[in-house]
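> Quick one: sequence and predicted model below, then my questions.
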Amino acid sequence: MRTFRYLNCICLSVLFILGVAPDSIAQVDTFEFDNDVQQQRFRTLSDELRCPMCQNTNLSGSTGGVAEDLRREIHRMILGGMSDRDIERFMFERYGDFIFYRPRLTAQTLLLWFGPLCFLLVGGFFARGIFKRAKEVDDIESELDESQKARLNELIGGK
Amino acid sequence: MDRLKYFLPSFVFVALAILLWRGLYLDTRTLPSMLIDKPLPEFTLANVVGEPVSNSDLPDEIFLLNVWGSYCLPCLIEHPTFMRLSEEGEIPVVGINYKDRNKLAKDWLETNGNPFSFSIEDLDGRFGIDLGVYGAPETYLVDADGVIRYRHVSVLDETVWNKEFLPAIAELKAESN
């Protein structure tokens, strides 16, 4: 039973890594648009905005009541001629940064945006130090003459 | 001193571990309200009994605004607290009947009792969106000027009332004196 669960986990992980498993199944709404551009904008917005209730789904993938209402609002605003930026502002004024899957760049989100880069740089710095030292050790070894090398090998049990 | 640097990775590890461990217990379900210290959004709607209501009908003292629905089980859990508050005249409570059906809402109030001065009927949830509501129950603390000062998401029982609302109200009262 347990093995089976592990196996399941592994299979699912692999699927997710490959991006095969659908991360959201779009809810079917019967919204009418004047043209394809509007429809495309609707799709992009409801994919990129997060459902405040279900929290780990975007608006397009959520069956939550509030997600339904927000999709309806987006539809209304698109038909009303509001730009994507206006719609995003509308959402932000009510639900805050939480609503964005792609957080805005502010003082508070600075670490979120550049933290990984900092970690990479610090890691790179240390890695460089380690490699440098390893090379120094190698250089020391090559300073030995043949007989010393033989003796060294004998001591560490090599051939 | 030089020795200390060998412990540096351990220190970094422990610091990161503590940080991430704490992160596991952060409350991510409760969103902060964007409307704190902002005036209550404008509304012109009907109440549950069909009379028109707007911002001018709101109490001109500190009051609670409770988002409820007949479908909402936690609302039933917090209901006795609101009943007590309104019966003892501690604070006026205005309801927002959020995305409910009129008949069901009326029945609910009849069966369980009505602690609300009136209940704004938000059938399609539009007013809820303006408030940043994401599900009943939610309770807002509004001051005498109609400015939102505090929001509590989920059940407001006596414990929450004593721990969160009483201090917040005391602060508001101290402010206006």
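Happy to help now that I have it.
> now A:Leu120: how far from A:Gly157?
Taken as CB to CB, to the nearest Å, the spacing of A:Leu120 relative to A:Gly157 amounts to 40 Å. (Each C-beta comes from the backbone N, C-alpha and C, glycine too.)
> ok, which residues in chain A are in contact with chain B?
Applying CB under 8 Å from any CB of the partner chain, we find that chain A lies next to chain B at A:52-53, A:55, A:64-66, A:69-70, A:72-73, A:92-96, A:98.
> 7 Å - rerun?
Residues of chain A found near chain B (CB under 7 Å from any CB of the partner chain) are A:52-53, A:55, A:65-66, A:69-70, A:73, A:93-96, A:98.
> Let's see if you can find the most crowded of those residues.
Compared across the residues of chain A next to chain B, A:Leu70 has the highest neighbour count, 28 neighbours, by other CB atoms under 10 Å in any protein chain shown.
> That one - that's part of a strand, no?
No: going by DSSP: H, G, I helix; E, B strand; the rest coil, the assignment for A:Leu70 is helix, not a strand.
> Quick one: low-confidence residue ranges for chain B.
For chain B, the stretches with pLDDT under 70 are B:1.
> does the most centrally placed residue in it count as helix, strand or coil?
Nearest to the geometric centre of chain B sits B:Thr139, at 2.2 Å (CA atoms, centre = their mean). Here B:Thr139 is recorded as strand under three-state DSSP.
> Look up phi and psi at B:Asp100.
Main-chain torsions, B:Asp100, degrees, to the nearest 10: phi -120, psi 180.
> before we move on, what about B:Asn112?
Listed backbone geometry of B:Asn112 is phi -100, psi -10, with angles given as degrees, to the nearest 10.
> ok, the nearest residue to it once chain neighbours are set aside - how many residues close by?
Nearest residue to B:Asn112, sequence neighbours excluded (CB to CB, 6 or more residues apart in numbering or on different chains): B:His79, at 5.6 Å. Using other CB under 10 Å, the number of residues around B:His79 comes to 21.
> Quick check: B:His79 touching B:Leu109?
No: no contact is recorded between B:His79 and B:Leu109 when judged using CB atoms under 7 Å, the distance being 10.0 Å.
> By mean pLDDT, point me to the weakest helix or strand of chain A.
Lowest on mean pLDDT, DSSP states H and E among the helices and strands of chain A sits helix A:2-18, with a mean of 58.
> Contacts only, for A:Leu87.
No, residue A:87 isn't Leu; it's Ile. A:45, A:74, A:77 (CB atoms under 7 Å, 6 or more residues apart in numbering or on different chains).
> if you set the cut-off to 6 Å instead, what comes out?
A:Met77 (CB atoms under 6 Å, 6 or more residues apart in numbering or on different chains).
> quick one, phi psi at it?
Here is the backbone geometry of A:Ile87 (degrees, to the nearest 10): phi -70, psi -40.
> just checking, what packs against the helix or strand containing B:Val67?
Under the criterion DSSP states H and E, the helix or strand holding B:Val67 is strand B:63-68. Here strand B:63-68 is seen to pack against strand B:93-98, strand B:138-142 when contacts are counted using 3 or more CB pairs under 6 Å, 6 or more residues apart in numbering or on different chains; DSSP states H and E.
> strand partners of it, parallel vs antiparallel please.
For strand B:63-68, the paired strands and their directions (DSSP bridges) read strand B:93-98 (parallel), strand B:138-142 (antiparallel).
> So what touches the very next helix or strand once past that strand?
Once strand B:63-68 ends, the next helix or strand along the chain (criterion: DSSP H and E) is helix B:73-87. Helix B:73-87 is touched from outside by B:68, B:91, B:93, B:112-113, B:115, B:136-137, B:155-158, B:161, with contacts defined as CB under 6 Å, 6+ apart.
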